[in-house]
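[1] Quick one, fold the following:
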Amino acid sequence: MNHNSNKNLKVKFSWAFYDWANSAWGTVITTFIFATYFTEVLSVNTEVGTIYWGNAIAISGLCIAILSPIIGSFVDRSQNIKKLLIFLTLIYSLCAFLLWFADPKNDKIFLILLLVIIGQVTSELAFTLYNAIIKIISDKKQYGKTSGLSWGLGYFGGLSILILILVLFVQSEDPILGLDKDNYEHIRICGPIVGCWIILFSLPLFIYFKDTNNKSINFFDALKSSLTQIFSTIKEIKKYINLAKFLIARMFYIDGINTVFAFGGIYAAGTFGMPFNQVILFGIGTNIAAGVGAIIFSFFEDFFGSKKIIIFSLIAMTIFGLSILIVDEKNTFIILGISLSLFFGPIQSASRVYFAKNTPDEKKAEFFGFYSLSGKVTAFLGPWLFAVLTSIYSSQRAGMSSVIVFLLIGLVLMFFVKKDK
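    Numbers count the residues shown, from 1 in each chain. This is a model prediction of the structure:
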């Protein structure tokens, strides 16, 4: 299959809508609704729930760090990126469906956490492959706008499903489908909704995107070849020293960002006493800001370059993050949180574009595996440090302070990375 068959607007929009689909897991399950439900309802108390949830996210990050380069290299060898993307997508959508059974009377709390871990790992592995596809469907001069559209749709997808759940279930005095609020069915329904959402909005990409040059290759041969290729790439690190510097910088600042994603809803509920409906409204505001930021900054990125967008975003996020730690008034926190979120989309989109510009085409999935690894190899540190500091000081503010450290380290290291190609 010729690459040019994938370089049309239909495929690009289909690719962007996969972000709309995928964002439902991160927004609803691991950040706002289910994460808050787990810590506030399923656990014996908020602090214990925060520790359990933090450890689950940390374990997920470690698994992702190990598996991402292997999966990426495997796909480069077999050229079956679409088939594996479909397989991984079905797994984490199934995990979402099964979270319906996480009722407050269920004492199998660790089984629930296992579903979250499996879903989180497969969701991130799928997104690793998704990132690599940008090199197939777009030309380098269009990476910025294509990536920005994707991140923008991702955030607006998260926004849309939050509004759907808020209006039809959480805030409704009489939830549709006859759901029992006393048994938290109006909250647990978020799992099946997310599962349906993921499958529905992934379909356009699965239909219109075509694998390029499929190879019939034995699984174990491909796996062995993949591992060999990974070690070969590591030995040739001097050829990619600037990318290595970038990945180290990203390793730190993305850990800070992911910690905010993982604990944003929990922090809002635990520190400022926000109930479920207010947490969702806050999530809606942050997703609007992040989506608008991603789309607007994608136009500036082609002019200023990805590196400058990343540095500017990190400076702004550090300032707003420090302010969030010292405020006590809920409305001020909401304003600062939404302002901080304005830079989530731009920094993620610009990071992907910077990396895509500098990776060899024949190793795109493998390199995006390392890209994912750089966001996950220390991913256990953010949630773990958040959980530890929260436990030691009995304060979520202490836990959230770890975010600023990661952002500052990433900011300093970015000054040692070369400008865009």
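[2] just for the chain, where's the confidence low?
    Per-residue confidence for the chain (pLDDT under 70) gives these ranges: 1-7, 213-227, 229, 233, 235, 237, 379-380, 421.
[3] Now with 50, please.
    1-2 (pLDDT under 50).
[4] Now do A268 against I338, distance only.
    Separation of A268 from I338 (CB to CB, to the nearest Å) stands at 12 Å. (Each C-beta comes from the backbone N, C-alpha and C, glycine too.)
[5] isn't G345 right up against L153?
    No: under the criterion of CB atoms under 8 Å, G345 makes no contact with L153, lying 10.2 Å away.
[6] Count the neighbours of E366 for me.
    26 (other CB atoms under 10 Å).
[7] Restricting to C-alpha, output the helix or strand where it lies in PDB.
    Using DSSP states H and E, E366 sits in helix 364-376. Taking Å, rounded to 0.1, in the frame of the first residue of the first chain, the C-alpha atoms of helix 364-376 are listed here in PDB:
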ATOM      1  CA  LYS A 364       9.000   5.700  13.400                       C
ATOM      2  CA  ALA A 365       7.100   3.300  15.600                       C
ATOM      3  CA  GLU A 366      10.300   2.200  17.500                       C
ATOM      4  CA  PHE A 367      11.300   5.800  18.100                       C
ATOM      5  CA  PHE A 368       7.800   6.700  19.300                       C
ATOM      6  CA  GLY A 369       8.100   3.700  21.600                       C
ATOM      7  CA  PHE A 370      11.200   5.500  23.100                       C
ATOM      8  CA  TYR A 371       9.100   8.700  23.100                       C
ATOM      9  CA  SER A 372       6.500   6.900  25.200                       C
ATOM     10  CA  LEU A 373       9.200   5.400  27.400                       C
ATOM     11  CA  SER A 374      10.500   8.900  28.100                       C
ATOM     12  CA  GLY A 375       7.100   9.800  29.400                       C
ATOM     13  CA  LYS A 376       6.800   6.700  31.500                       C
END
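[8] From the contact counts, what lies against that helix?
    If you count contacts as 3 or more CB pairs under 8 Å, 6 or more residues apart in numbering; DSSP states H and E, helix 364-376 packs onto helix 46-78, helix 109-132, helix 219-235, helix 241-272, helix 344-358.
[9] Reformat those as TSV; add distance to I288.
    Shown next, in TSV, are the helices and strands packed on helix 364-376 (distance: least, CB to CB, whole Å):
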stretch	distance to I288
helix 46-78	25
helix 109-132	22
helix 219-235	40
helix 241-272	14
helix 344-358	11
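[10] Compare those helices and give me the one nearest V377.
    helix 46-78 (4.1 Å; CB to CB).
[11] Now the common contact residues for G345 and L153.
    G291 (CB atoms under 8 Å, 6 or more residues apart in numbering).
[12] These two: who's more crowded?
    A direct count of neighbours by other CB under 10 Å for G345 and L153 places G345 higher, at 28 against 24.
[13] what's the closest residue to that one other than its chain neighbours in contact with, if anything?
    In space, and not counting its chain neighbours, G345 is closest to A294: 2.6 Å by CB to CB, 6 or more residues apart in numbering. Neighbouring residues of A294 by CB under 8 Å, 6+ apart: G148, W151, G152, G154, Y155, F344, G345, P346, Q348, S349.
[14] Now the second one: closest residue in space that isn't a chain neighbour?
    Right, W151. Using CB to CB, 6+ apart and skipping the chain neighbours, the partner closest in space to W151 is A294 (3.8 Å).
[15] May I see the buried residues of the host helix or strand of that neighbour?
    Per DSSP H and E: A294 is located in helix 276-304. Buried residues in helix 276-304, counting neighbours by 16 or more other CB atoms under 10 Å, are found at 276, 279-295, 297-298, 300-302.
[16] tell me the angle it makes with helix 344-358.
    Helix 276-304 and helix 344-358 meet at an angle of 40 degrees, taking axes from the mean of the first three to the mean of the last three CA atoms, to 10 degrees as the criterion.
[17] which helices and strands does the following helix or strand past helix 276-304 pack with?
    Scanning forward in sequence from helix 276-304 by DSSP H and E, the next helix or strand is helix 306-326. The contact analysis (3+ CB pairs under 8 Å, 6+ apart) places helix 306-326 against helix 276-304, helix 330-341, helix 344-358, helix 396-414.
[18] One more pass at 6 Å, please.
    With contacts taken as 3 or more CB pairs under 6 Å, 6 or more residues apart in numbering; DSSP states H and E, helix 306-326 sits against helix 330-341, helix 344-358, helix 396-414.
[19] Now for D182, how many residues are close by?
    D182: 7 neighbours (other CB under 10 Å).
[20] Need the three-state assignment for it.
    helix (DSSP: H, G, I helix; E, B strand; the rest coil).
[21] residues touching it, list them.
    Shown in contact with D182 (CB atoms under 6 Å, 6 or more residues apart in numbering): no residues.
[22] gap between it and M317?
    Taking CB to CB, one finds D182 at 40 Å from M317.
[23] what's around the residue nearest to Y143 when sequence neighbours are not counted, how many residues?
    Using CB to CB, 6+ apart and skipping the chain neighbours, the partner closest in space to Y143 is V353 (4.6 Å). V353: 28 surrounding residues under other CB under 10 Å.
[24] Over to P104?
    For P104, using other CB under 10 Å, the count is 13.
[25] swap in S93?
    S93: 26 surrounding residues under other CB under 10 Å.
[26] Quick one: classify it as helix, strand or coil.
    Put simply, S93 is helix when judged by three-state DSSP.
[27] burial measure for the closest residue to F201 other than its chain neighbours, as a count.
    Setting aside the residues directly before and after it, F201 is nearest to A21 in space (CB to CB, 6+ apart), at 3.5 Å. By other CB under 10 Å, the residues close to A21 number 26.
[28] D420 against I309, yeah?
    No: in this structure, D420 is not within contact of I309 by CB atoms under 6 Å, at 9.7 Å.
[29] which of those two has more neighbours?
    More crowded of D420 and I309, by other CB under 10 Å: I309, with 26 against 19.
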